[in-house]
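>>> quick check, what structure comes out for this input:
(chains A and B)
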Amino acid sequence: MASSFSRILSSKRSVGLLSVVGGSVAAGFLLHREHVTAGEPLRRRYPASAEYPDLRKHNNCMASHLTPAIYAKLCDKTTPNGFTLDQAIQTGVDNPGHPFIKTVGMVAGDEETYEVFADLLDPVIKERHNGYDARTMKHPTDLDATKIHSGNFDERYVLSSRVRTGRSIRGLSLPPACTRAERREVERVVVDALAGLKGDLTGRYYSLTQMTEKEQQQLIDDHFLFDKPVSPLLTCAGMARDWPDARGIWHNNEKTFLIWVNEEDHTRVISMEKGGNMKRVFERFCKGLKEVERLIQERGWEFMWNERLGYVLTCPSNLGTGLRAGVHVKLPLLSKDPRFSKILDNLRLQKRGTGGVDTAAVGGVFDISNLDRLGHSEVQLVQTVIDGVNYLIECEKRLEKGQDIKVPPPIRQFK
Amino acid sequence: MPFGNTHNKFKMNYSAEQEYPDLSQHNNHMAKVLTLEMYSKLRDKETPSGFTLDDVIQTGVDNPGHPFIMTVGCVAGDEETYEVFKDLMDPVIEDRHGGYKPADTHKTDLNAENLQGGDDLDPNYVLSSRVRTGRSIRGFCLPPHCSRGERRAIEQLSIEALDSLEGDLKGKYYALKNMSEEEQQQLIDDHFLFDKPVSPLLLASGMARDWPDARGIWHNDNKTFLVWVNEEDHLRVISMQKGGNMREVFTRFCTGLTKIEDLFKNRGHEFMWNEHLGYVLTCPSNLGTGLRAGVHVKLPNVSKHEKFGEILKRLRLQKRGTGGVDTAAVGGVFDISNADRLGFSEVELVQMVVDGVNLLVNMEKRLEGGEGIDDMMPEQK
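Coordinates of the predicted model:
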């Protein structure tokens, strides 16, 4: 059973057949680790002890968990597509990390990476996702936006609202490992499906290799254009190969729904608007995602998803929902309060500057978003952001009036 | 081993058309030569260590090049790359090395006695003299492809060999990952320390993986003979000193290289070399001698002459700024070196530099004196 499945996974037509026969739940079940066969073992000239990386100066999740014993056990294995442990960890070996920021330090080259190299990935996932045990727990997926309440922020404080996630096309390798043909196939499948979107989701694709100067300038002005990655965390993982071949941006005519193709993941899906109507942003997000999923399924494809890990993406930090829901919000007084960090922590929120991760806040305006990705559903995470941001705004208002604020109790994590 | 290409057989599920890179914006030697037909023919091949066509060309696909500078756009992962992917490498080599044909033989000559003169380049003009080359240890994969275990083995062998050098070549090895702050500062002040490559040309080929593991610098106590371990090649060997005594620099270069080669042979290892390609290195541009002999020389007047470019071309010389390739000249001081690497011996190339620099300095003196240099124009070498 296992070996015939791994053959099936290599052929796109068969993937379509599999989903028609068994549906995505069956495909997800079949990926349960006992059924996945590793590929041909790797040729080695040196023993594992001679190849084990020097991680003494390293501070990332991979380095914390890759013992010589685990390395020796896994270094000869390959996924059915030929992805190896050394490839998975290369980015973490090349980027020791920072004493204050703990990066993940490894990536997946395909869906099977998470099975074949589970001995390393499970502890990495547990550390990164606050104790989530991939061996025993199940991840809830919930894209029913009707469950959201109080999703309309005070627009004197919230300037914009945004929700993003990623989706991977099952059967095709991920950006660190994909060949040019696979990457082009991802583009073809996605662009083909997006052409079927209608109504307020009607839009257009702009290929990075073919866009005109005018189109490029417009996309820059709209803050939509993404560039070749410069971060060594990404380039060392091999995801920038062959740039800009098969990369592009799709967005709807209203510029509220945007999809990046073949950047760090097969697709990154973004819903955004000026103002504070997070509920509407999330509604469009869910509707768009479900539509795209329906359209690719019509063509015999599906997203990478399973019960344990939720949506499967390149970076283990984005497993589960892959969701970051955030706002740009004015908190000039609260941000100067010494309790600000603790309040954010307890609300399971994270702050960034308005340029995105690793930028500084300007004019007291912060990007506030959810910390968690895995183990909580999309609805739960967005509600957490809504409740949290509402609380932050209340604090800001109280401070404006000279009243005191309270640090809220921490939200309970996993049982 | 670069990314995404190790399991070559999996890629054969897709057609050559589907996998063929888009080279329409590209201007490098690889892109000029790699047609769809050639790609189809070579894509299922691998060297014995598993290096594939896509591994060879990745750097050239990722770096389209520059309209004015023609980069090579491909690298070797091991010695066999030049054989297995001959159909690609031969025309690239021919284009890059002035028409060098697949049947040509390359002459190696590391006998410094064969050099004529070279000990008296005018030190009023020639500030420093330097000769560098590279060497690869046969049987090991090259920097784009080697595993950590191999790279460490190369480092170990190199340290053992270099530690045995004596006399004015006696020296010390500084591992990049172990050096103290003091040692690091000293090496920077001496202009010896090399850093992790930042050029996307090098990074895209995978040669900076696992930095700084198994990389280091060895130099003699006199600081005139220097070896880089596991940067762009297994070994880069450099002989240098202030002033214009190129002969002495070259003599030490040849002596040092020959001794190092003997020390490796005593331990059962040899350098990658063959009659056709000479010394085999990672970048096809460094085949043959891998030799760049150069000086830092003051030529404020000659460099402004309208025929400067033509003179250099005829002398088979190349100019760079004093920061190395892609830098600008400062204060009229230029780095002048041989343009060729393959098809001429080491002695021949250094001779060209010696004779050419002498001529340039004489031209400079003439122009200083307000006279012309038209009667001094050289023939094309």
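
>>> give me the secondary structure label for residue A:243.
coil (DSSP: H, G, I helix; E, B strand; the rest coil).

>>> now it: how far from residue B:178?
To residue B:178, residue A:243 is 36 Å away according to CB to CB, to the nearest Å. (C-beta placed from N, C-alpha, C; glycine too.)

>>> who's in contact with residue 312?
Reading this off chain A. A:108, A:111, A:114, A:168, A:304-306, A:319 (CB atoms under 8 Å, 6 or more residues apart in numbering or on different chains).

>>> actually, chain B is the one I wanted.
B:318-319, B:336, B:339.

>>> rerun that using 6 Å as the cut-off
residue B:319 (CB atoms under 6 Å, 6 or more residues apart in numbering or on different chains).

>>> element containing it, please.
Using DSSP states H and E, residue B:312 maps to helix B:308-315.

>>> moving C-terminal from that helix, which element do we reach first?
Using DSSP H and E, the first helix or strand after helix B:308-315 is strand B:317-320.

>>> confirm for me that residue A:405 is in contact with residue A:395.
Yes: with contact defined as CB atoms under 6 Å, residue A:405 reaches residue A:395; the gap is 4.3 Å.

>>> neighbour-wise, which of those two wins?
More crowded of residue A:405 and residue A:395, by other CB atoms under 10 Å in any protein chain shown: residue A:395, with 23 against 19.

>>> from chain B, how far out is the closest residue to residue A:366 other than its chain neighbours?
Spatial nearest neighbour of residue A:366, chain neighbours left out: residue A:351 (5.0 Å); criterion: CB to CB, 6 or more residues apart in numbering or on different chains. The gap separating residue A:351 from chain B is 31 Å, by CB to the nearest CB, to the nearest Å.

>>> which strands or helices does the host helix or strand of residue A:351 pack on?
Secondary-structure assignment from DSSP H and E places residue A:351 in strand A:349-352. Applying 3 or more CB pairs under 6 Å, 6 or more residues apart in numbering or on different chains; DSSP states H and E, one finds that strand A:349-352 contacts strand A:365-370.

>>> what's the neighbour count on the closest residue to chain B within the stretch 51-200 of chain A?
Nearest residue of the stretch 51-200 of chain A to chain B: residue A:82, at 2.0 Å (CB to the nearest CB). Residue A:82: 22 surrounding residues under other CB under 10 Å.

>>> that one touches residue B:10, doesn't it?
Yes: here residue A:82 lies in contact with residue B:10, judged by CB under 6 Å, at a distance of 5.2 Å.

>>> hang on, the earlier thing: the more surrounded of residue A:243 and residue B:178?
Taking neighbours as other CB under 10 Å, residue A:243 and residue B:178 compare with residue A:243 leading, 21 against 10.

>>> contact partners for that one?
Taking CB under 6 Å, 6+ apart, we find residue A:243 in contact with residue A:228.

>>> let's see 7 Å
For residue A:243, the contacting residues are A:228, B:62, by CB atoms under 7 Å, 6 or more residues apart in numbering or on different chains.

>>> give me the pLDDT value at it.
On pLDDT, residue A:243 comes in at 96.

>>> need the residues of the stretch 101-250 of chain B near chain A, please.
Within the stretch 101-250 of chain B, the positions adjacent to chain A are B:147-150, B:152, B:177, B:203, B:209-211, B:213 by CB under 7 Å from any CB of the partner chain.

>>> ok so, going back, and the residue nearest to residue A:366, what pLDDT?
93.

>>> give the bridge partners for it, please.
residue A:368 (DSSP bridges).

>>> thought residue A:369 was touching it, still the case?
No: Residue A:351 is beyond contact range of residue A:369, at 8.3 Å (criterion: CB atoms under 7 Å).

>>> so between those two, which is more surrounded?
More neighbours surround residue A:369 than the other of residue A:351 and residue A:369, with 22 against 17 (other CB under 10 Å).

>>> all strands for the stretch 251-381 of chain B, in order.
B:273-274, B:278-279, B:292-298, B:317-320, B:333-338 (DSSP state E, counting those that start in this stretch).

>>> next: chain A.
Taking DSSP state E as the test, the strands found in chain A are A:158-167, A:203-207, A:248-252, A:257-261, A:267-274, A:305-306, A:310-311, A:324-330, A:349-352, A:365-370.

>>> perfect, that will be all.
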